[in-house]
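Student: Got a predicted model here, sequence first, then my questions.
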Amino acid sequence: NAGVTQTPKFRVLKTGQSMTLLCAQDMNHEYMYWYRQDPGMGLRLIHYSVGEGTTAKGEVPDGYNVSRLKKQNFLLGLESAAPSQTSVYFCASSYRGQAYNEQFFGPGTRLTVL
Amino acid sequence: AQSVTQLDSQVPVFEEAPVELRCNYSSSVSVYLFWYVQYPNQGLQLLLKYLSGSTLVKGINGFEAEFNKSQTSFHLRKPSVHISDTAEYFCAVSDPPRYSTLTFGKGTMLLVSP
């Protein structure tokens, strides 16, 4: 099993450009999450999904959109990138949202917006 | 909203010394508590979790944590650290009603030197 994979690993954008980050999991997990990690800020939840076709906002959803068209994939979109979105983005998944099902994390995507 | 406070942003320690990383959370309602570890340039992985029962929880790599409801704390300890324990450690909480998401602290960087 590959676990949770993220594509791409690195990306540099110019302000105003758009891009999509792809998260894929092969563990048949129901729940998927997108976080951003900034120095001294810990991880903050952007959006999450409790199942195929459903999404919900997290703590810092502004400027991002998500889609969960297939159970194994969770896409994070930036329509018009801003320098404030420079960050490391992590995807995670869990079997259920119940806490005894731990979240498994991908390796991260480092995004720089110039 | 739930919040998690990790009192130390950085903890330097010598190899084979004991260490305690502190974590306090804001809510007194029934919560689930977690410690995750992030090694350099990697995603997060679960160290241990408290759901219910014994207040002393043992995790991987010799770590343990003690849940203290009256002090709303969940401090992480290891009696003897190794160089390989150098990493960032995150405390996280999941709260009712759905326990669907995690709120993370800002992290504590553990620096182990010879």
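Tutor: That came in fine, so what should we check first? Residues are numbered from 1 along each chain as shown, chains lettered A, B, ... in the order given.

Student: burial count for the closest residue to residue B:56 other than its chain neighbours?
Tutor: Closest residue in space to residue B:56, ignoring its immediate chain neighbours: residue B:66 at 5.3 Å, by C-beta to C-beta, 6 or more residues apart in numbering or on different chains. (C-beta placed from N, C-alpha, C; glycine too.) By other C-beta atoms under 10 Å in any protein chain shown, 15 other residues sit near residue B:66.

Student: Repeat that for the one 3 residues further on.
Tutor: Residue B:69 has 11 neighbours, counted by other C-beta under 10 Å.

Student: Next one: it relative to chain A, how far apart?
Tutor: Distance from residue B:69 to chain A, counting by C-beta to the nearest C-beta, to the nearest Å: 16 Å.

Student: Please apply the same query to residue B:8.
Tutor: Residue B:8 is 12 Å from chain A, by C-beta to the nearest C-beta.

Student: What are the neighbouring residues in contact with the closest residue in space to that residue that isn't next to it in sequence?
Tutor: Excluding its sequence neighbours, the residue lying closest to residue B:8 (C-beta to C-beta, 6+ apart) is residue B:108, at 5.2 Å. Residue B:108 makes contacts with B:6, B:8, B:9, B:10, B:11, B:21, B:22, B:88, B:89, B:90, as judged by C-beta atoms under 8 Å, 6 or more residues apart in numbering or on different chains.

Student: Beta-bridge partners for residue B:108, please?
Tutor: On the basis of DSSP bridges, residue B:108 is bridged to residue B:89.

Student: any idea which residue sits dead centre in chain A?
Tutor: residue A:34 (2.8 Å; C-alpha atoms, centre = their mean).
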